[in-house]
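J.: Got a predicted structure plus its sequence, pasted below:
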Amino acid sequence: MGRTLAEKVWDDHVVRRAEGEPDLLFIDLHLLHEVTSPQAFDGLRLAGRTVRRTDLTIATEDHNTPTLDIDKPIADPVSKVQLETLRRNAAEFGVRIHSLGDVEQGVVHVVGPQLGLTQPGMTVVCGDSHTSTHGAFGALAFGIGTSQVEHVLATQTLPLAPFRTMAVTVEGELPEGVTAKDLILAVIAKIGTGGGQGYVLEYRGSAIRSLSMEARMTVCNMSIEAGARAGMIAPDETTFAYLQGRPHAPQGEDWDAAVAYWKTLGTDEDAVFDHEIFIDASELTPFVTWGTNPGQGAPLGSTVPDPASFADPQERQAAENALAYMGLEAGTPLREVKVDAVFVGSCTNGRIEDLRAAAAVVEGRRIADGVRMLVVPGSVRVALQAVEEGLDRVFTAAGAEWRHAGCSMCLGMNPDQLAPGERCASTSNRNFEGRQGKGGRTHLVSPQVAAATAVLGRLAAPSDLTADVAAVEA
Amino acid sequence: MEKFTTHTGRAVPLRRSNVDTDQIIPAHWLKKVTRSGFEDGLFEAWRKDESFILNRPERQGATVLVAGPEFGTGSSREHAVWALQNYGFHVVVSSRFADIFRGNSLKNGLLTVVLPQETVERLWALTESDPSAEITVDLEAREVRAGGVTATFELDDNVRWRLLNGLDDISITLRNEADIAAFEATRPAFKPRTLPVA
Ligand code: SF4
């Protein structure tokens, strides 16, 4: 019988298989950041162990780094200690690190792919749940806990329980103005935040194949929000073209050998998935969340749902709680929901294409009075590219703040936070209570919707802007 | 992880039940970025009281904690185990442990021994009347011996094997080091490295 993409990558990494034991898998790339690594390094130190493969390990700083005044000392003492600890550990154990101020610094899941370190057919781990991002290259990539971080540092392997496979097939063409973010939000709303539990999702179909690498990363990034172990997309010419010429991509004969191997990875015709779901791309529209988990989303053109409309009592209760926290009334058109802040950035939508898309919407316009818009590139490289293209000036001319690279307002761990009760349209991946700051209210959106929302001060799509202009002209 | 075969040491009698992990190590210690250095946080609130048993001169250097029932309830923090070990304890004896705490302790090489409450009472009486009395915990024989007390205890065979051989999860994987090295030797040359090849 044929095998799926995920099964092929798994099989190619089995170091040891024994009856009654989990498979021991080799890890090709281990990404580190400051939050989940300190106790792992300390465990090594206490046991007198070393990092087995420093040449397969790389660290960057992102969660705690400020996005303003990066040349000044870090104000928060806990953040400061975590960053200093990572620097010390990297120096002591010989791990490559890109610290604040370095040209390769940025959000860990933006840095790996842009360096060309993430490649098809690899196993990639990081002490961070959004490691699923790297699955966009056809890698098996997943988040791990601190004790597993220590295990990988010491052995470059992990004992892993088997997974099940789910095909998420999206056929057809995405309508104008509908993005990868809308697609994945719609998938999560369809299968629920627990629907992917125990599965590796494989996104496939013509709509997926036509996505750019950056858009594929947005899709795979949020697999974890459906509860999945990982998300993957089979490598193809788009993948190869993205990788070619990147600093760590293979060269010469190695490149040819690599591409030949990568081409064998796609799911076989006769392979069987444990579960399958189908989505018609042509039916998708801009999608936003109204609640406090990523599964609580709806088309922008619809209204805040009535909790009574949920048949499942638990879902009904969750919707009631969410509306109370979000300060929303059932039946309100989503387009009438006013925001205080807009955040464009994160490992979901902080890459150059995302910034271009948002800039194209705000270009020549002003953001609404009273709205604060933060634009935070996912990495220093993304920032430099954006500056070269003049995107930073487009944003600042519109009244937005252009910041330094990092996780920023994706989570309330650094100085960029919402105030209690503040409402934000955010291109990040989690709308949990307090995620962007205590009491903050988050609506997950695409970069295009975020930008249009900033201009109108209420949830909106770019097409609403042209309508507005038309109305003024008429 | 160090091998645990037999341990002999003086004891601290802790006549309290339901000692939860917040009492073992308070939450504010969880901000630390290490696995060591938790010894000062161990039973922090109680140690402010000079007469607390751990503060008494005759208990300094003791390595066996003899506790009341329901030891280690509450949060799953592994820091509770690290704090006991950092302080110098090798063994905790109780008639009942909270499940997660017990799992964490055995994973980290802190031996948690379950004995009937009446045996615990006899150990308390012994060490209270003679603080210099030593308790021997023999993992090979699954036996506790002290003064006139001899008691056997149960422990899962696999857990016992791991403790006797000093094997944590990483050690167990490293027993298959030859498999890892063999796999590494077959990895294709085109796979990326983060560092320049020396
Ligand atoms: S950008 Fe957000 S989701 Fe991504 S790694 Fe940073 S904190 Fe996590």
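T.: That came through, no problem. Numbers count the residues shown, from 1 in each chain, chains lettered A, B, ... in the order given.
J.: would you say A:H443 is within a strand?
T.: Yes - secondary structure assignment places A:H443 in a strand (DSSP: H, G, I helix; E, B strand; the rest coil).
J.: I'd guessed it sits against A:D340; true?
T.: No - A:H443 sits out of contact with A:D340 when judged by C-beta atoms under 8 Å, with a separation of 11.3 Å. In this view, the C-beta of every residue, glycine as well, is placed from N, C-alpha and C.
J.: now the residue of chain B found nearest chain A, what's its secondary structure?
T.: Each residue of chain B has a distance to chain A, by C-beta to the nearest C-beta, and the smallest belongs to B:V33, at 3.5 Å. Reducing the assignment at B:V33 to three states with three-state DSSP gives coil.
J.: go on, the one 4 residues further on?
T.: Assigned with three-state DSSP, B:G37 falls in the coil class.
J.: From what I see, it and B:N86 are in contact.
T.: Yes - under the criterion of C-beta under 8 Å, B:G37 is in contact with B:N86, at a separation of 6.6 Å.
J.: Burial check on A:N414, number of neighbours?
T.: A total of 22 residues lie near A:N414 under the criterion other C-beta atoms under 10 Å in any protein chain shown.
J.: I meant A:M409, not that one.
T.: Number of residues near A:M409 (other C-beta under 10 Å) recorded here: 30.
J.: what's the closest non-adjacent residue to A:R403?
T.: Across the structure, with C-beta to C-beta, 6 or more residues apart in numbering or on different chains as the measure, the residue nearest A:R403 apart from its sequence neighbours is A:T67 (3.7 Å).
J.: ok, now how distant is the one you found from A:H98?
T.: Between A:T67 and A:H98 the distance, using C-beta to C-beta, to the nearest Å, works out to 16 Å.
J.: now A:V200
T.: When C-beta to C-beta is applied, the distance between A:V200 and A:H98 equals 29 Å.
J.: Let me see the contact set for A:V15.
T.: Taking C-beta atoms under 8 Å, 6 or more residues apart in numbering or on different chains as the contact definition, A:V15 lies against A:L24, A:L25, A:F26, A:T157, B:N176, B:D179, B:I180, B:F183.
J.: so the fifth one touches A:V14, yeah?
T.: What it means is B:N176. No - contact criterion C-beta under 8 Å: B:N176 and A:V14 do not qualify, at 11.9 Å.
J.: Near chain A, which residues of chain B are found?
T.: Chain B has residues B:1, B:31, B:33-36, B:168-170, B:173-174, B:176, B:179-180, B:183-184, B:187-195, B:197 near chain A, with proximity defined as C-beta under 8 Å from any C-beta of the partner chain.
J.: do that again at 6 Å, thanks
T.: B:31, B:33-35, B:170, B:173, B:176, B:179-180, B:183, B:189-195 (C-beta under 6 Å from any C-beta of the partner chain).
J.: Which of the residues you listed are buried? Put it as a ChimeraX command.
T.: The following ChimeraX line selects those of the residues of chain B next to chain A that are buried, judged by 16 or more other C-beta atoms under 10 Å in any protein chain shown:
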select /B:33,34,35,170,173,176,179,180,183,190,191,192,193,194
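J.: Which strand in the chain has the most residues?
T.: Just so you know, I chose chain A. Within chain A, and with DSSP state E defining each element, the longest strand by residue count is strand A:164-171.
J.: my bad, chain B
T.: The strand of greatest length in chain B, counted in residues with DSSP E as the criterion, is given as strand B:6-14.
J.: what's in contact with the helix or strand that comes right after it?
T.: The helix or strand immediately downstream of strand B:6-14 is helix B:21-24, counting by DSSP states H and E. Contacts to helix B:21-24, defined as C-beta atoms under 6 Å, 6 or more residues apart in numbering or on different chains, come from residues B:G74, B:S75, B:R77, B:A80, B:A83.
J.: Swap in 10 Å and give it another go.
T.: Contacts of helix B:21-24 with the rest of the structure, by C-beta atoms under 10 Å, 6 or more residues apart in numbering or on different chains, involve B:16, B:27, B:38, B:41-46, B:71-81, B:83-84, B:98, B:100-101, B:104.
J.: Between A:H443 and A:D340, tell me which one has more neighbours.
T.: Between A:H443 and A:D340, counting by other C-beta under 10 Å, A:H443 is the more crowded of the two (25 against 17).
J.: pretty sure that one contacts A:L459?
T.: Yes - with contact defined as C-beta atoms under 10 Å, A:H443 counts as touching A:L459 (6.4 Å).
J.: Now do A:S302 against A:F273, distance only.
T.: With the distance defined as C-beta to C-beta, A:S302 ends up 31 Å from A:F273.
J.: what about the two, which has more around it?
T.: For the pair A:S302 and A:F273, the greater number of neighbours falls to A:F273 (20 against 15), based on other C-beta under 10 Å.
J.: so what's that one closest to, chain neighbours aside?
T.: Nearest residue to A:F273 in three dimensions, chain neighbours excluded: A:A167, at 4.3 Å (C-beta to C-beta, 6+ apart).
J.: measure that neighbour to the ligand for me?
T.: A:A167 sits at a distance of 25 Å from the ligand (criterion: C-beta to the nearest ligand atom, to the nearest Å).
J.: In contact with A:I352: list those residues for me.
T.: With contact taken as C-beta under 10 Å, 6+ apart, A:I352 is in contact with A:110, A:114, A:214, A:377-379, A:381-386, A:388-389, A:391.
J.: if you set the cut-off to 7 Å instead, what comes out?
T.: Listed by C-beta atoms under 7 Å, 6 or more residues apart in numbering or on different chains, the contact set of A:I352 reads A:V382, A:Q385, A:A386.
J.: how many neighbours does the residue nearest to A:A249 when sequence neighbours are not counted have?
T.: Spatial nearest neighbour of A:A249, excluding adjacent residues (C-beta to C-beta, 6+ apart): A:G116 at 4.0 Å. Here the count is done by other C-beta under 10 Å, and A:G116 has 18 residues near it.
J.: wait, what's in contact with A:G116?
T.: With the criterion set at C-beta under 7 Å, 6+ apart, A:G116 makes contact with A:L243, A:R246, A:P247, A:H248, A:A249, B:P192.
J.: Report the secondary structure state of it.
T.: For A:G116, the assignment made with three-state DSSP gives coil.
J.: The residue nearest the centre of chain B and B:H7, how far apart?
T.: Nearest to the geometric centre of chain B sits B:L110, at 2.1 Å (C-alpha atoms, centre = their mean). According to C-beta to C-beta, B:L110 stands 11 Å off from B:H7.
J.: Kindly list the single helix or strand of chain B that scores lowest on mean pLDDT.
T.: helix B:99-108 (a mean of 89; mean pLDDT, DSSP states H and E).
J.: How about residues contacting that one?
T.: For helix B:99-108, the surrounding residues in contact (C-beta under 7 Å, 6+ apart) are B:T21, B:G72, B:S76, B:E78, B:A80, B:V81, B:Q85, B:V92, B:T112, B:V159, B:L163, B:D168.
J.: rerun that using 8 Å as the cut-off
T.: The set of residues that contact helix B:99-108 without belonging to it, under C-beta under 8 Å, 6+ apart, is B:1, B:21, B:71-73, B:76, B:78, B:80-82, B:84-85, B:92, B:97, B:111-112, B:159, B:162-163, B:168-169.
J.: Alright, that wraps it up for me.
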